[in-house]
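*Asks:* Dropping the sequence and predicted coords here.
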Amino acid sequence: MDDRPLKRDIEPNGVVLEGRKITKYFGIIAAVQSVDFFVKREEILGMIGPNGAGKTTLFNVIAGVYKPDQGKVIFKGNVISGLKPHRICRMGIAKTSQIVQPFTQMTVFENVLVASLYGKGLSLSDAAQEAEKILEFVGLADVKTMPSGSITVPDRRRLELARALATDAEVILLDENMAGLNPMEIEGVLRLLREIRHQGKTLIVVEHIMRAVMGISDRIIVLNHGEKIAEGTPSEVANDTKVIEAYLGEKYAPHR
Amino acid sequence: MQEGELLNKKIRRKLSTAVIIAITIALVIAPYTGISGYLIRLLAIIFLWIGKAGCWNIVAGYTGYIDFGAVGYFGIGSYVTALLMTKAHFPFLPSILLSGFISGLIAFPIGLPTLRLKGAYFGIATLAFAEAMKQIILEFDQTVGVHLFEGPHGITLPIGPGNEFFYYIGFLVMIAVTGMTYWVRRSKFGYALRAIREAEHAAELSGVNTLRAKIEAYMISASFLGMIGGIEAYWLTYITPHMVFDVLITIQIVVMALLGGIGTLFGPVIGAAFLTILYEMLHRDFPYTYAIIVGFVIVVVILLMPKGIVGTLKAKIETGFRNG
């Protein structure tokens, strides 16, 4: 078991992560079908689509939770599809989960510590310092000694983000990190995400809250029934007939 | 108030360190104070149960994988020591060290497939492993046509030294297993194990090589169990597959760890001591009904202290400090 990062860092046109013809079946149903995507360094890529469009499945393929049936994921010039999640995490791709999964009986601090210990590969003392810094950054310093099972929903969302940051990932996949938050809290998360991007990170954001994802993304891809049906800037996507038909129709069509 | 809490914690920690050191010294000099041979034997038995329950606790308590095949490694260790001492005429010490080594090695191919299973399926698979080991040792000689394990007839080991010797060996094992647990709790490795226990999927996504961490913990546990198996074989001087692969040993280990408090440092210590002493006292006074009474006591303790003796007391003390 070799956990060393691979050496060949090739990035054509600044593309850091790329998916080629990714297909994933569950039984006979293609949850993701022949999807191509790319994301450039320090870009925020939004991913939208109705429930069951295959967004979470695509994230799980990227993070190594699922192996794609066809196609490949390329990270900094290396094919990573088929690697185990912990290896992909150590290489520099972190994912937050839609359903938060904190280490319930461990403190908030220890949750983040595990990610710096293993995702970033630090020693105990270095990881502790790193975890303190990240908790301060995401605004969880006040609750760091509390068991993570007893903090509020917004704090749990922030903890997911803190764990992803603690792995020192270059690309962070955010799966509905704003679900269940009020507009004020969403604004706070968006500010945080912009700040994270300015620190040199690349983000892919899956989100149902249109205002949030439209506002923050540089580019958006739209999935429907496992296929990519549109791609472009937020305004391009919002005016795409296919997208309106498939997804935004009811909500946005009257305003055209 | 937070400072007061911190101070209380410091005092508590110093106090418990002092108590542990005092008990350790008392136990080291105990055999020289003229205590009865019976008491020395009883303490040695307790030490070895603490060792076994502690081994089980490293896997079950910290990774959350409830192992029902612990006796498999105990039995393997017993047979390795028995064979080395009788067939190869090895001295005792290298024999038990090799027992630990071989048990740990066997844990690798067993753990690799079984540690991918979850919950009850892992329990069933490991139970099957231990039972299979018993059958293999029972039938091997007849099937292959050799004289090695001696099947159900068992192996007689050379007569060893007195109970004092096993008292100190058991004492060392207890210190080693408890020390190992202490190290695991405070190390980077320990965080990986606890993360696996809490949310294995999230641990993997945080960069923890979960399968590897589980296998390492499983192998460490199996090594110590194998060593203890070797020690007990030499002490008993006679082993059969039915004795050293007895599923009741696994069950007793599980009950002791749960009774004391799973996932705590001193849970196996308290649980093993409590249950062994209880057995011993009741066995003397109620030779026909003691098992019923033991069962009753276990049920009552678990009802009153659902997290085990140590686990529940710890939780009580912590909330006590927080509230007042």
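*Replies:* All right, it came through fine. Residues are numbered from 1 along each chain as shown, chains lettered A, B, ... in the order given.
*Asks:* what is the residue nearest the centre of chain A paired to in the beta sheet?
*Replies:* Centroid check for chain A by Cα atoms, centre = their mean gives residue A:173 as the closest residue, at 1.1 Å. Beta bridges link residue A:173 to residue A:95, residue A:204 when assigned by DSSP bridges.
*Asks:* who touches it in this structure?
*Replies:* Residues near residue A:173 by Cβ atoms under 8 Å, 6 or more residues apart in numbering or on different chains: A:59, A:62, A:63, A:93, A:94, A:95, A:96, A:204, A:206. In this view, the C-beta of every residue, glycine as well, is placed from N, C-alpha and C.
*Asks:* So, low pLDDT: which residues of chain A?
*Replies:* Residue ranges of chain A with pLDDT under 70: A:1-12, A:247-256.
*Asks:* Which residue ranges of it form strands?
*Replies:* Here chain A has its strands, by DSSP state E, at A:15-26, A:29-40, A:44-48, A:70-75, A:78-79, A:93-96, A:171-175, A:202-206, A:219-224, A:227-232.
*Asks:* And for chain B?
*Replies:* B:155-156, B:238-239.
*Asks:* Without its sequence neighbours, what residue ends up closest to the residue in the stretch 151-256 of chain A that chain B sits nearest to?
*Replies:* Using Cβ to the nearest Cβ, the closest approach of the stretch 151-256 of chain A to chain B is made by residue A:167 at 5.5 Å. Distances taken as Cβ to Cβ, 6 or more residues apart in numbering or on different chains put residue A:119 closest to residue A:167, at 2.6 Å, once the chain neighbours are dropped.
*Asks:* How about the residues of the stretch 101-250 of chain B by chain A?
*Replies:* Those residues of the stretch 101-250 of chain B that sit near chain A, judged by Cβ under 8 Å from any Cβ of the partner chain, are B:187-188, B:191-192, B:194-195, B:198-199, B:201-210, B:212.
*Asks:* show me where the chain has helices.
*Replies:* Going with chain A. Ranges of helices within chain A are A:55-63, A:85-91, A:108-114, A:124-138, A:153-166, A:183-198, A:210-216, A:234-238, A:241-243, A:249-252, based on DSSP state H.
*Asks:* you looked at the wrong chain, it should be chain B
*Replies:* For chain B, applying DSSP H gives helices covering B:2-29, B:37-63, B:70-86, B:92-114, B:119-144, B:163-186, B:188-198, B:200-205, B:210-236, B:241-244, B:247-260, B:267-285, B:290-304, B:308-323.
*Asks:* Name the nearest residue to residue B:240, ignoring sequence neighbours.
*Replies:* Closest residue to residue B:240 apart from its sequence neighbours, by Cβ to Cβ, 6+ apart: residue B:154 at 3.5 Å.
*Asks:* returning to that earlier point: list the contacts of the residue of the stretch 151-256 of chain A closest to chain B.
*Replies:* Contacts of residue A:167 (Cβ under 8 Å, 6+ apart): A:89, A:90, A:94, A:115, A:116, A:118, A:119, A:120, B:206, B:207.
*Asks:* What about the residues you listed, which one has the most neighbours?
*Replies:* Neighbour counts for the contacts of residue A:167, by other Cβ atoms under 10 Å in any protein chain shown, peak at residue B:206, which reaches 33 neighbours.
*Asks:* what's that one in contact with, if anything?
*Replies:* Residues near residue B:206 by Cβ under 8 Å, 6+ apart: A:86, A:89, A:114, A:115, A:118, A:119, A:163, A:166, A:167, B:195.
*Asks:* thinking again about what came up before, okay, the residue nearest to the centre of chain A and residue A:201: tell me how far apart.
*Replies:* Distance from residue A:173 to residue A:201, counting by Cβ to Cβ, to the nearest Å: 11 Å.
*Asks:* residues near the residue lying closest to residue B:209 once chain neighbours are set aside, how many?
*Replies:* Nearest non-adjacent residue to residue B:209, counting by Cβ to Cβ, 6+ apart: residue A:86, 4.8 Å away. Neighbour count for residue A:86, taken as other Cβ under 10 Å: 26.
*Asks:* wait, isn't residue A:86 in contact with residue B:210?
*Replies:* Yes - at 6.9 Å, residue A:86 and residue B:210 qualify as touching, with contact defined as Cβ atoms under 8 Å.
*Asks:* got any residues that touch both of these two?
*Replies:* residue B:204.
*Asks:* Spell out which parts of the stretch 1-150 of chain A neighbour chain B.
*Replies:* A:1, A:3, A:63, A:65, A:84-87, A:89-90, A:94-95, A:97, A:101-106, A:110, A:113-115, A:117-121, A:123-124, A:127.
*Asks:* spatially speaking, which residue is in the middle of chain B?
*Replies:* Nearest to the mean C-alpha position of chain B, by Cα atoms, centre = their mean, lies residue B:52 at 1.7 Å.
*Asks:* Verify the stated contact: it with residue B:227.
*Replies:* No - contact status for residue B:52 versus residue B:227: not in contact, 10.5 Å apart, counting by Cβ under 8 Å.
*Asks:* re the thing from before, from the residues of the stretch 101-250 of chain B next to chain A, list just the buried residues.
*Replies:* When these are checked for burial by 16 or more other Cβ atoms under 10 Å in any protein chain shown, the buried set is B:191-192, B:194-195, B:198-199, B:202-210.
*Asks:* For these, which two are the farthest from each other?
*Replies:* With Cβ to Cβ as the measure, no two of these lie farther apart than B:198 and B:209, at 16.4 Å.
*Asks:* before we move on, the earlier item: of the strands of chain A, which stretch is the most buried?
*Replies:* strand A:93-96 (a mean of 28; mean count of other Cβ atoms under 10 Å in any protein chain shown).
*Asks:* where's that one relative to the chain centroid, distance-wise?
*Replies:* In terms of Cα atoms, centre = their mean, to the nearest Å, the gap separating the centre of strand A:93-96 from the centre of its chain is 5 Å.
*Asks:* Packing partners of it?
*Replies:* Strand A:93-96 makes packing contacts with helix A:55-63, helix A:153-166, strand A:171-175 when contacts are defined by 3 or more Cβ pairs under 8 Å, 6 or more residues apart in numbering or on different chains; DSSP states H and E.
*Asks:* Of all those, which one comes closest to residue A:230?
*Replies:* With respect to residue A:230, and counting by Cβ to Cβ, the nearest of these is helix A:55-63 at 13.8 Å.
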